[in-house]
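Undergrad: predicted model, plus sequence, below.
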Amino acid sequence: MPLPRPHIPTQSSFRFAPSDAALADKAITYLKRHPHNLHSLSSDFTPVAASCLLIKSQFDQTLTLKFLNWARHRNFFTFRSKCLALHILTRFKLYKSAQALAEDVAVTTADDQGNLVFQYLAESLQVCNSSSAVFDLVVKSYSHLSFVDKAMNIVKLAKAHGFMPGVLSYNAILDAVIRSRGSVQFAEEVFSEMVRNGVSPNVYTYNILIRGFSAAGNLEMVLYFWSEMERNGCLPNVVTHNTLIDAYCKLKRIDDAFGLLRSMALKGLEPNLISYNVVMNGLCREGRMEETSQVVEEMKRKGFVPDEVTYNTLISGYCKEGNFHQALVLQEEMRRNGLSPNVVTYTALINAMCKAKNLNRAMEFFEQMRVRGLCPNARTYTTLIDGFSQQGFLNEAYGLLNEMVGGGFSPSIVTYNALINGYCLLGRMEEAMEIVQDMVGKGLYPDVVSYSTIITGFCWHQELESAFQMKAEMVEKGISPDAVTYSSLIQGFCQQRRLDDACNLFQEMISMGLCPDEFTYTTLINAYCKEGDLNLALHLNDEMIRKGFLPDVVTYSVLINGLNKQARTREAKKLLLKLFYDKSVPDDVTYNTLIESCTNVEFKSVVALVKGFCMKGLMKEADQVFETVIKRKYKPNGAAYDVIIHGHCRDGNVEKALKLYKDMLLSGFLPHTVTVIALIKELFTEGMNNELSRVIENTLWSCKLTDAEVAKLLVETSHKEGNMDAVFNVLGEMAQDGLLPNSGVTTCAGGGGGGGGGGGQSTLLMLWWFAAMNLVPPLPCSSANIFVKIFHLPLYLPSLAGNVLMNELGLCSLHSITCGSP
């Protein structure tokens, strides 16, 4: 039903008929003395009587509020009366009530551009002894409802009639534009108009603009407005600083974010809890978990107590790093501190378990959150659907999808993409295409991820013609292929040994402005190695370094295998030492400068180099890299210690491994379960019983979870009895359940180190170890079956061990190249 268009009165309309005036007087008497009699007036009370009453009582705040409370939902309280009430409430500075009423006017009145409300407010301004502040309030109310066009029109009308809208109006419009993710260019135009009209921006104006350009990723404009506000004598406040800190973090400029945080004290500003949470979020995004402990300690020294956001940020960060044990420790600490884990907390834990392929534990958390009265949200369901789809359990995924829909959540494009990926992994491409048709029927259209997933599926299964048909379709529909699309197609050509076509596609990818990544380069390098063209493979490796990608163990392994096949073993070893030879890297880059300029993310590639040396048994070279890192004033992280300790254990140098283990503990890191077991095994073999006891004692001490008490008792008892097989079995089970730390630092909230795997990663690592030691793995059949399913090989095949170890320590194995993992 169309909204009624109100009658706009003339000035003479403020003269009231005697009957209406009498009704108004009677109502005033009742409101003052006999409010229980008001109901007797309801049927006869008119809109004109309501206006008359408001004008008569406009200076009596109590009486006005009593009347509005009575009249609010009655038919006689019409557009005209509401506009009069807006004047009076604004004059009384009852802005919250006035804004609620203005929003009611906005949604219940047929007023296409806001002309009617402006006209009546302007005509009734004098009779209500009001001011232009009422226009600011109405503009703010319309902006809050995202009626930006109407709000802008009211501002123009106010200016045209001699009223000057204030900074409140412009700030409200700017905020509405930014909130609705509208054009930041339009926001800039509004700001320019504001300045032209002589309205001085305040700190809130600049905060809104800085927030908007920060969300758009436009740091240049963020810094421009920052400088502009300082030039105009408008000092940035804590909110301004937090917004810029967040902008730096999102652009991976963590050091700049830290610098800004430190500069606040010099300006007399005290960072708040949000400041520290924003910095921690940036560190977690970059995987710099070790540094979060310093931020937490500083935060506590300043008197701030970690809140739900702090804990959820850290738990998500540790889950992303695969350090499931530390995430659980934080969850328990959160409860001890009186904070209840919420949906965000549980979704992060569920996501970690899904990525670790531990679906049983993921479902345990899912049930646990429901027992605690928490309702899963759309993201929780999508995370589980993706987890089950990734492992090919599509029936379970559809069961969760049905539950999701039954709970009132609509599947998103991300949910459908997860199902598409599940079908592609199983090679059921027709059913993957049916999902696309189903989602289109529900008003959702495939995006670049949908198409790239299907293209990758076709390439995996050698259906290149279908893959290119999908590429043509996505381009026809205006969706540009991304780097994943091209990398998958290049891999498809390489698998069919069509290197010329792969190279042409590689050049097309570059001409489209898309940057090849490590996977693209390694795919081509592998293809050239298979063809025996080592010179081109090495040329691509050099190009990869020039473009800022440090080769990882997969790249090195491909090249080394290629060289070994041609009996070029000396070159193979030299390649492992490549970054130690200035002549082997671009002229303007040396090994030291590579380490010196590494960000924390790139630093992982240096750790990968140590892994490469360790896996080839080149411990002297691994030590050289490790020591160089320390000399360059980098603090090795938990992953680096784990790798080199494990390498020395494999090499039989238990004394060196034990020294590094002690250094690791002194540096505040907890070793990975695999590292601990490797060290325990060597100490046991060498008969170093005192040292063995201390390592086991340290390991059990580091387990801060109450769930592990029974398991700890079993380890202690078995060790005292000399039953080392039982010790290894129990430690394996503890690792699988996330009860042992998979690397990290020894502090609680905020402590930790990257590089460790989650509970599910430990499962595969433990399988490898038990295979290496000829022990029966303490895992349920389903875990072993998943292991066999993932690698398509017998469980204890010795040649698999190296690849599993590489993959689960954070590196891709050669299997990922041959099997097409993206």
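TA: Here it is on my side, so go on.
Undergrad: where exactly do the strands run in this protein?
TA: 669-670, 744-745 (DSSP state E).
Undergrad: low-scoring stretches of this structure, by residue?
TA: Applying pLDDT under 70 to the chain flags the ranges 1-14, 182, 545, 547-609, 612, 616, 632-634, 700-822.
Undergrad: give me the most central residue, it.
TA: Arg285 (7.2 Å; C-alpha atoms, centre = their mean).
Undergrad: what's the closest non-adjacent residue to that one?
TA: Once flanking residues are discounted, Arg285 sits nearest to Cys249: 6.9 Å by C-beta to C-beta, 6 or more residues apart in numbering. Where C-beta positions appear, they are placed from N, C-alpha and C, glycine not excepted.
Undergrad: list the residues that contact that neighbour.
TA: By C-beta atoms under 8 Å, 6 or more residues apart in numbering, Cys249 lies in contact with 257, 278-279, 281-282, 285.
Undergrad: pretty sure Leu125 is touching Ile88, no?
TA: No - counting by C-beta atoms under 8 Å, Leu125 does not reach Ile88; the two are 11.7 Å apart.
Undergrad: tell me which of those two has more neighbours.
TA: Ile88 (24 against 17; other C-beta atoms under 10 Å).
Undergrad: mind checking how far that one is from Ser487?
TA: Plainly put, Ile88 is 66 Å away from Ser487 if you go by C-beta to C-beta, to the nearest Å.
Undergrad: ok, now His34?
TA: From His34 to Ser487 the distance is 81 Å (C-beta to C-beta).
Undergrad: neighbour-wise, which of the two wins?
TA: Per other C-beta under 10 Å, whichever of His34 and Ser487 has more neighbours is Ser487, with 26 against 10.
Undergrad: what's the burial count for the closest residue to that one other than its chain neighbours?
TA: Distances taken as C-beta to C-beta, 6+ apart put Thr520 closest to Ser487, at 4.5 Å, once the chain neighbours are dropped. Counted with other C-beta under 10 Å, residues neighbouring Thr520 total 25.
Undergrad: thought Thr520 was touching Thr485?
TA: No - using C-beta under 8 Å, Thr520 is not in contact with Thr485, being 11.1 Å away.
Undergrad: in contact with the closest residue to Asn232 other than its chain neighbours, which residues?
TA: Once flanking residues are discounted, Asn232 sits nearest to Pro201: 7.1 Å by C-beta to C-beta, 6+ apart. Residues near Pro201 by C-beta under 8 Å, 6+ apart: 167, 170, 191, 194-195, 229, 232, 234.
Undergrad: what does Leu174 give?
TA: Leu174 touches 187, 190-191, 205, 208-209, 212, counting by C-beta under 8 Å, 6+ apart.
Undergrad: show me which of those residues are buried.
TA: Among these, the ones that count as buried by 16 or more other C-beta atoms under 10 Å are 187, 190-191, 205, 208-209, 212.
Undergrad: just checking, Gly492 touches Gln462?
TA: Yes - the pair Gly492 / Gln462 is scored as a contact, 7.4 Å apart, by C-beta under 8 Å.
Undergrad: when those two are compared, which one has more neighbours?
TA: Ranked by neighbour count (other C-beta under 10 Å), Gly492 and Gln462 place Gly492 first, with 26 against 13.
Undergrad: quick revisit: closest to Ser97 among the contacts of Cys249?
TA: Ser97 lies nearest to Val278 out of the contacts of Cys249, by C-beta to C-beta, at 34.4 Å.
Undergrad: that closest one and Asp246 touch, don't they?
TA: Yes - assessed by C-beta under 8 Å, Val278 is found in contact with Asp246 at 4.8 Å.
Undergrad: overlap in contacts of those two?
TA: Shared contacts of Val278 and Asp246 (C-beta under 8 Å, 6+ apart): Ala257.
Undergrad: those two: which has the busier surroundings?
TA: The neighbour count for Val278 versus Asp246, taken as other C-beta under 10 Å, is higher for Val278 (26 against 22).
Undergrad: helices along the stretch 601-750 of the chain, start to end?
TA: Taking DSSP state H, counting those that start in this stretch, the helices of the stretch 601-750 of the chain run over residues 619-631, 638-651, 654-666, 673-686, 689-701, 709-720, 724-736.
Undergrad: list the buried ones in stretch 372-384?
TA: By 16+ other C-beta under 10 Å, the buried positions in stretch 372-384 come out as 374, 376-384.
Undergrad: what's the end-to-end length of that stretch?
TA: 19 Å (C-alpha to C-alpha, to the nearest Å).
Undergrad: any idea how far Met319 lies from Ala356?
TA: In this structure residue 319 is Cys, not Met. Counting by C-beta to C-beta - Cys319 and Ala356 are separated by 9 Å.
Undergrad: from the helices of the stretch 601-750 of the chain, which stretch is densest packed?
TA: Comparing the helices of the stretch 601-750 of the chain by mean neighbour count (mean count of other C-beta atoms under 10 Å), helix 638-651 ranks first with a mean of 26.
Undergrad: counting by contacts, list what that one packs against.
TA: Contact analysis of helix 638-651 by 3 or more C-beta pairs under 8 Å, 6 or more residues apart in numbering; DSSP states H and E lists helix 600-615, helix 619-631, helix 654-666, strand 669-670, helix 673-686 as its packing neighbours.
Undergrad: residues near the nearest residue to Ala483 once chain neighbours are set aside, how many?
TA: Leaving aside its chain neighbours, Ala483 sits nearest to Leu514 (4.8 Å; criterion: C-beta to C-beta, 6+ apart). Using other C-beta under 10 Å, Leu514 has 18 other residues around it.
Undergrad: let me know whether Leu514 touches Val484 as I believe.
TA: No - counting by C-beta under 8 Å, Leu514 stays clear of Val484, with 9.6 Å between them.
Undergrad: show me what counts as buried in stretch 86-103.
TA: For stretch 86-103, burial by neighbour count (16+ other C-beta under 10 Å) applies to 86-91, 94-95, 98-99, 101-103.
Undergrad: any idea how far apart the tips of it sit?
TA: Across stretch 86-103, the terminal residues are separated by 11 Å (C-alpha to C-alpha).
Undergrad: for Asn417, give me its contacts.
TA: Counting by C-beta under 8 Å, 6+ apart, Asn417 touches 447, 449-450, 453.
Undergrad: can you do 10 Å?
TA: Shown in contact with Asn417 (C-beta atoms under 10 Å, 6 or more residues apart in numbering): 382, 386, 389, 435-436, 439, 446-447, 449-454.
Undergrad: what of Ala247?
TA: 210-211, 213-219, 222-223, 226, 253, 256-257, 260, 278, 282.
Undergrad: and the two most separated of the buried residues of stretch 86-103?
TA: Longest span within the buried residues of stretch 86-103, C-beta to C-beta: Arg91 and Glu103, 18.8 Å.
Undergrad: how near is Tyr451 to Met470?
TA: From Tyr451 to Met470 the distance is 6 Å (C-beta to C-beta).
Undergrad: list residues touching both of the two?
TA: Common contacts of Tyr451 and Met470 (C-beta under 10 Å, 6+ apart): 436, 481, 485.
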